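**Q** Provided below for reference: sequence and predicted model.
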Amino acid sequence: MKADKVQKVSNQMGQIKRYCEQKGIKLTPLREEILLIMYQFGQIITAYEILRQLREARPNAEPPTVYRVLEYFQGTSVIHRIASKNAYLCCINPDELHRGQLLLCDICDEANEVFNSGLIQAVTDCSSRYGFQFRDGLMEIHGVCAKCSDGAMA
């Protein structure tokens, strides 16, 4: 891994450890390993990709182990589950209310977590007009990222 990526992952792990300590979220060695795998991967990742990498250090690791950790972290807002891709992503700001959006590239699987209050308000207004109760949570918005759009245009 390149030095700048190592530093970025180190910074991310430091931030998430401080967050977990402040919120009383228990970081066991296994939970920490799984977060490290996710931060090192640096993009959306499936549970089975996490398991594959985890087995390098823990050869006897099984799928339920990974799923339990992922479920735990979802409940603490440390990670997001991307339902449409059956994958996971580390949250960029777990302290924030999770009513943002994930911009998901259907070509390269890049994911960007953003927050547009105008979009949230529009969805809330539209929902109430139809008697629908909009739940808190991330909206998944599929499309093509700038890098892939530029490549497709060339």
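**A** Cool, got the structure. Numbering: from 1, shown residues only.
**Q** What residues sit buried inside the top helix by length along the chain?
**A** Longest helix in the chain, counting residues (DSSP state H): helix 3-23. Burial within helix 3-23, assessed by neighbour count using 16 or more other C-beta atoms under 10 Å, is assigned to 9, 12, 13, 16, 19, 20. In this view, the C-beta of every residue, glycine as well, is placed from N, C-alpha and C.
**Q** For the first one, which non-adjacent residue is closest in space?
**A** Okay, so that is residue 9. Leaving aside its sequence neighbours, residue 9 sits nearest to residue 39 (C-beta to C-beta, 6 or more residues apart in numbering; 4.8 Å).
**Q** And the last one, by the same measure?
**A** With C-beta to C-beta, 6+ apart as the criterion, residue 20 has its nearest non-adjacent residue at 5.0 Å, and that residue is residue 27.
**Q** Pretty sure the one you found sits against residue 18.
**A** No: contact status for residue 27 versus residue 18: not in contact, 10.7 Å apart, counting by C-beta atoms under 8 Å.
**Q** Stretch 66-78 - what's its average pLDDT?
**A** For stretch 66-78, mean pLDDT is 92.
**Q** Mind listing what's buried along it?
**A** 66, 69, 70, 72, 73, 76, 77, 78.
**Q** how about residue 89, secondary structure?
**A** Secondary structure assignment for residue 89 (DSSP: H, G, I helix; E, B strand; the rest coil): strand.
**Q** residues touching it, list them.
**A** For residue 89, the contact set (C-beta atoms under 8 Å, 6 or more residues apart in numbering) comprises 38, 43, 44, 45, 79, 80, 82, 102, 111, 113.
**Q** which ones among those are found in strands?
**A** Using DSSP state E, the members of the contacts of residue 89 that fall in strands are 79, 80, 82, 102, 111, 113.
**Q** ok, those residues vs residue 134, which is closest?
**A** Ranked by distance to residue 134 (C-beta to C-beta), the ones in strands among the contacts of residue 89 are led by residue 102 at 16.1 Å.
**Q** That closest one and residue 110: what is the separation?
**A** Going from residue 102 to residue 110 by C-beta to C-beta, to the nearest Å gives 10 Å.
**Q** Contact partners for the closest residue to residue 147 other than its chain neighbours?
**A** Nearest non-adjacent residue to residue 147, counting by C-beta to C-beta, 6+ apart: residue 108, 6.8 Å away. Contact partners of residue 108, counting by C-beta under 8 Å, 6+ apart, are 145, 147, 148.
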